[in-house]
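In: sequence plus predicted model, see below.
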Amino acid sequence: MGITLGIVGYGSTGELHHKQAEKVEGVTVIGAYDIDPARQDAAKANGIRRFGSLKALLGCREINTVLISAPVSRHKELCAAAARAGKHVACAAPAALSAWDLDRIIAAVGRSDRVLAVCQSHRLDGDFCTVKKLLNTGRMGKVYSIQVRLHSCGDKYGWPDGSEDGGILFSWGIHVIDQLMWLLGYDDFTGVFCRTCSMGPAGTDDYCFLSFNLESGGVVQIELDRRSPQVSPRWTVLGNKAAAFLGGTAGEGRVIPLEPGTETGEGELLPPEPEETAGPLAAYYGNLRDVMDLSGRLSVQPWQVRRVLKAVEAALQSAETGKLVSLKG
């Protein structure tokens, strides 16, 4: 069967998806629609069809799958429209700004008996895969703390300003929370405490600190900052047998054994796990192709996306009330 793809929203995200998707065997990018005529022209310049309206793209019989990469505030209506047109739905993350909106998307796609694939492709990031492999070896012992610090220099790295994406907790927090909940188990996360700050002109949060309590007894901390450079390790993992540091000032990473009475020194080099050869986005489209061909299973399940959104909602409630918010029930 394969994927014949139409793109709704040909900004930087839509264009990136186009260039990665066309590398995948069995995927053909047909064309794109954007409300900005200049972006329609960009699609044509990149060798795909320029659609002048959403109706024209959704009515194209050559297209069997539609990528929604418009501002997240429009995802619900656009995903539903694509499903009603009989198209499978690929949706850039965040899929929605609330679990309620996501439920509406899931219901609309389900009624049309189509596939909904949310692009949580950061599960395939090289640094995260290194941490995942390290924990699977058992050499850390009982892990009681994982700290993730994702800092950046704003527009230098292409981060959105937050005016249409719900702020840093949605634009980047969902990816880190998705990584950690998938790694440690969704039911292990019992409560969250959150603090946010707005330092820029957009008026939305561009700094966020989260602390998750785990049923297993540990704690997960996440710090997201749109403005500052990455001057600390991106990942810090503490166990009763070893400590590990990866990314940022830690470079490719080290594991330091914690053995009483011995000098730990600089520890052991932690070689990075290679990312997918063609890139995480290409792997995402390869998975969707296999699901549509009935030879694979969605790597990101809608219920998992919903659990992450519920965690974000709880974090926002915590930021508003100043209290720890339960993730149970």
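Out: All right, it came through fine.

In: what ranges does the chain have for its helices?
Out: 12-21, 37-45, 54-58, 75-84, 99-111, 126-137, 168, 174-184, 280-292, 302-321 (DSSP state H).

In: tell me which other helices or strands the fifth one touches.
Out: In other words, helix 99-111. helix 75-84, strand 88-92, strand 116-119, helix 302-321 (3 or more C-beta pairs under 8 Å, 6 or more residues apart in numbering; DSSP states H and E). The way it works is simple: take the backbone N, C-alpha and C, and place the C-beta from them, glycine included.

In: give me the neighbour count for the residue nearest to Y284 when sequence neighbours are not counted.
Out: In this structure, Y284 finds its nearest non-sequential neighbour in S121, 4.7 Å apart by C-beta to C-beta, 6 or more residues apart in numbering. S121 has 24 neighbours, counted by other C-beta atoms under 10 Å.

In: tell me if I'm right that S121 and G286 touch.
Out: No - counting by C-beta atoms under 8 Å, S121 does not reach G286; the two are 11.0 Å apart.

In: pull up the pairing partners for the helix or strand bottoming out on mean pLDDT in the chain, direction included.
Out: When each helix and strand of the chain is scored by mean pLDDT, DSSP states H and E, strand 268-269 comes last, with a mean of 75. Its sheet considered, strand 268-269 pairs with strand 254-257 (antiparallel) by DSSP bridges.

In: tell me which residues of the partner strand come out buried.
Out: R254, V255 (16 or more other C-beta atoms under 10 Å).

In: mind pulling up the pLDDT for R306?
Out: Note on R306: pLDDT of 97.

In: what about it, neighbour count?
Out: Using other C-beta under 10 Å, R306 has 18 neighbouring residues.

In: A244 versus S145, what's the distance?
Out: 11 Å (C-beta to C-beta, to the nearest Å).

In: which neighbours do those two have in common?
Out: Residues touching both S145 and A244 by C-beta atoms under 8 Å, 6 or more residues apart in numbering: T236, V237.

In: neighbour count winner among those two?
Out: Higher neighbour count among S145 and A244: A244, with 26 against 14, using other C-beta under 10 Å.

In: check contacts around G6.
Out: Contact analysis of G6 by C-beta under 8 Å, 6+ apart lists 30-33, 51, 57-58, 60, 63, 65-67, 87.

In: over to G11?
Out: Counting by C-beta under 8 Å, 6+ apart, G11 makes contact with D34, R39, S69.

In: wait, isn't the last one in contact with A95?
Out: Pointing back at S69 there. No - judged on C-beta under 8 Å, S69 makes no contact with A95 at a distance of 11.3 Å.

In: before we move on, back to that, distance between the least confident helix or strand of the chain and the chain's centre?
Out: 29 Å (C-alpha atoms, centre = their mean, to the nearest Å).

In: contacts for it?
Out: Contacts for strand 268-269 (C-beta under 8 Å, 6+ apart): E252, G253, R254, V255, I256, P257.

In: with stretch 172-191 instead?
Out: By C-beta under 8 Å, 6+ apart, stretch 172-191 touches 93-94, 120, 122-123, 125, 128, 131-132, 135, 146, 148, 150, 159, 208, 210, 212-216, 220, 222, 224, 300, 304-305, 307-309, 311-312, 314-315, 324-328.

In: 6 Å instead?
Out: The contact list for stretch 172-191 (C-beta atoms under 6 Å, 6 or more residues apart in numbering) reads 94, 120, 122-123, 128, 132, 148, 212-216, 220, 222, 224, 307-308, 311, 324, 326-328.

In: likewise stretch 209-226?
Out: Counting contacts by C-beta under 6 Å, 6+ apart, the residues outside stretch 209-226 that touch it are 144-151, 154, 159, 168, 172-173, 176, 180, 188-195, 206-208, 315.

In: what about Y284, how many residues nearby?
Out: For Y284, the neighbour count with other C-beta under 10 Å is 25.

In: next one, pLDDT for it please.
Out: So, for Y284, pLDDT stands at 95.

In: hmm, it is touching C119, no?
Out: Yes - under the criterion of C-beta atoms under 6 Å, Y284 makes contact with C119 at 5.4 Å.

In: now do A314 against T321, distance only.
Out: 11 Å.

In: more neighbours: which of the two?
Out: Ranked by neighbour count (other C-beta under 10 Å), A314 and T321 place A314 first, with 21 against 10.

In: gap between that one and I177?
Out: According to C-beta to C-beta, A314 and I177 sit 11 Å apart.

In: please apply the same query to V219.
Out: The spacing between V219 and I177, counted by C-beta to C-beta, is 14 Å.

In: which of the contacts of G6 tops the neighbour count?
Out: L67 (30 neighbours).

In: quick one: residues contacting it.
Out: Applying C-beta under 6 Å, 6+ apart, we find L67 in contact with I7, H17, A90.

In: that one pairs with what?
Out: I7, A90.

In: can you pull the pLDDT of it?
Out: 98.

In: sorry, back to before: switch the helices and strands packed on helix 99-111 over to JSON lines; also include distance to G2.
Out: Shown next, in JSON lines, are those (distance: least, C-beta to C-beta, whole Å):
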{"stretch": "helix 75-84", "distance to G2": "18"}
{"stretch": "strand 88-92", "distance to G2": "11"}
{"stretch": "strand 116-119", "distance to G2": "15"}
{"stretch": "helix 302-321", "distance to G2": "23"}
